[in-house]
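requesting a structural model of the entry that follows:
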Amino acid sequence: MLTKRSVYLDHSATTPTDPRVVEAMLPFFTADYGNSASAHSYGRKAEDAVETARETIAKVMNCSPREIIFTSGASESNNLAIRGAAWKAGQGSHLITTAVEHSAVINTVNQLTDVMGFESSYLPVDSQGSINPSDFEELYRLATAIVSAMLVNNEVGTVQPIADLADYAKAKRVYVHTDAVQAAGQLSLDVHQLGVDMMSLSAHKFYGPKGVGLLYLRKGIDLYPSQTGGSHEEGRRAGTLNTPGIVGMAKALELAYQEREMRINHFRALRDQLIDGVLSRIPDVVLTGHPTNRLPSHASFLIDGLDGNSLITHLDLRGVAASSASACKTGNPEPSSVLLAMGYSPKEALGSLRLTVGLQTSPEDIDYTVDILGDVVARLRKLNAAFQLTSMT
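Below you'll find the model as predicted:
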């Protein structure tokens, strides 16, 4: 009997805030609490902290500090980018995205299409969740205003060829937006290498605080704000800036790229150990997403004959925190739309499991997880078989 331990393998949902990040934030909750929009000395001190953070982030992303818009997180950033570009282009404009985006993108595009008079098309994906950038040309119209495709898929970990997609879009003078939430801290965020016009990030995915994010907006692009109020962020986003969160996000991003090589090596070794262990020891399990072109910290599977939500509940009872498909869909009995788009059947798509490693994860944690997962899968399959036998009699 294994001694129960606690293993957190849901880092794609959120990460713990680095103590060094918390330390950088603390003064701006207490001593330096001014509103960065205020003209007095308290406000100027907060403004200096915000602008220093903007410069730190811009260095990582190889852009101008003035191209950084601070938001409450990537969902707001995605909304600002897509709505702002669509509204600026005008009603009836055409939007392109992919069939495997986060709901913050999919639902925004759907609302613009269903309620606001815009048109939309979806780039398909192959069985590994990858888009073919050349498909853009088939979907392009003269009215196309923006194409939005995530840099890394949150459910299956596949890295998308965003730079190649951007080449096709630029040739047609179409704006390119990418939701780079999962990529931050592990892949390059150089906006010139990626070729993007807009990019969304959320701090809590790379050991920063929750409730703060950003949108990179290339100089020269004019968006309509998706929320109105004061003239914050040069009129592009209303609301008092979250100074402690912004300071924390900048510190977290700076640390992530200072330590990037060490982190990636750590993640990749544990991810490969996890994938090898699961596939070699548990029958009827399939790795989802691209086998090699995937996020270093990300492993995802389909487990035949089991419901993913039941699986993560039983894993949690044994001390392993995991997720089924996207964390945003936990508890939803519907099959993952991402897996359906990849060609899996609804029944297959219900058996998804995502395990994502982090800085505190150890090889012993992975060994424990594989042992527990194997035991849980065997027990649940045995229960399912018994239930089916009872139902037939």
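
can you list the low-confidence ranges for this structure?
Regions of the chain meeting the criterion pLDDT under 70 cover residues 1-3, 326-333, 387, 389, 391-393.

which helix is the longest one in the protein?
Determined from DSSP state H, the single longest helix within the chain is helix 363-392.

measure stretch 312-324 end to end?
With CA to CA, to the nearest Å applied, stretch 312-324 spans 7 Å between its terminal residues.

what about the helices in the protein?
Remark: helices of the chain, listed N- to C-terminal, are 19-25, 41-61, 74-89, 103-114, 135-139, 162-171, 191-194, 232-235, 243-258, 260-281, 308-317, 337-341, 346-349, 363-392; assignment by DSSP H.

chain center to the last one: distance?
The reference is to helix 363-392. With CA atoms, centre = their mean, to the nearest Å as the basis, helix 363-392 stands 29 Å off its chain's centre.

mind listing what's buried along it?
365-366, 368-370, 372-374, 376-377, 380-381 (16 or more other CB atoms under 10 Å). C-beta coordinates here come from the backbone N, C-alpha and C atoms, glycine included.

same check, this time on the second one
Applying a neighbour-count criterion of 16+ other CB under 10 Å, the buried positions in helix 41-61 are 45-47, 49-50, 53-54, 56-58, 60-61.

relative to helix 260-281, how tilted is it?
Angular relation of helix 41-61 and helix 260-281 on a 0 to 180 degree scale: 60 degrees, by axes from the mean of the first three to the mean of the last three CA atoms, to 10 degrees.

for helix 41-61, packing partners?
Using 3 or more CB pairs under 8 Å, 6 or more residues apart in numbering; DSSP states H and E, the elements in contact with helix 41-61 are strand 68-71, helix 243-258.

just want the angle from it to helix 243-258.
Calculated by the same axes, to 10 degrees, helix 41-61 forms an angle of 30 degrees with helix 243-258.

now do the longest one
Relative orientation of helix 363-392 versus helix 243-258 (the same axes, to 10 degrees): 100 degrees.

okay, now the domains of the chain?
Taking automatic domain parsing as the reference, the chain has its domains at 7-16+260-392, 19-258.

most neighbours per residue, which of those?
For the domains of the chain, average neighbour numbers computed from mean count of other CB atoms under 10 Å are highest in domain 19-258, which has a mean of 20.

residues contacting Trp87?
Contacts were defined as CB atoms under 8 Å, 6 or more residues apart in numbering; by that measure Trp87 touches 223-224.

Gly305 contacts Arg381, correct?
Yes. Counting by CB atoms under 8 Å, Gly305 sits close enough to Arg381 to count as a contact (5.9 Å).

residues contacting Val109?
Contacts here follow CB under 8 Å, 6+ apart; on that basis Val109 touches 82, 95, 97, 101, 120, 148.

just put these in a markdown table and tack on distance to Gly213.
Rendered in a markdown table, the data for these read as follows (distance: CB to CB, whole Å):
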| residue | distance to Gly213 |
| --- | --- |
| Ile82 | 15 |
| Leu95 | 21 |
| Thr97 | 19 |
| Glu101 | 16 |
| Ser120 | 24 |
| Ser148 | 16 |
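
between those residues, which is nearest Ser12?
Set against Ser12, the nearest of those by CB to CB is Glu101 (15.0 Å).

what's the spacing between that closest one and Arg271?
Relative to Arg271, Glu101 is positioned 23 Å away (CB to CB, to the nearest Å).

what of Gly305?
25 Å.

ok, now Ser134?
For Ser134 relative to Arg271 (CB to CB), the value is 30 Å.

one more: Gly34?
Applying CB to CB to Gly34 and Arg271 gives a distance of 43 Å.
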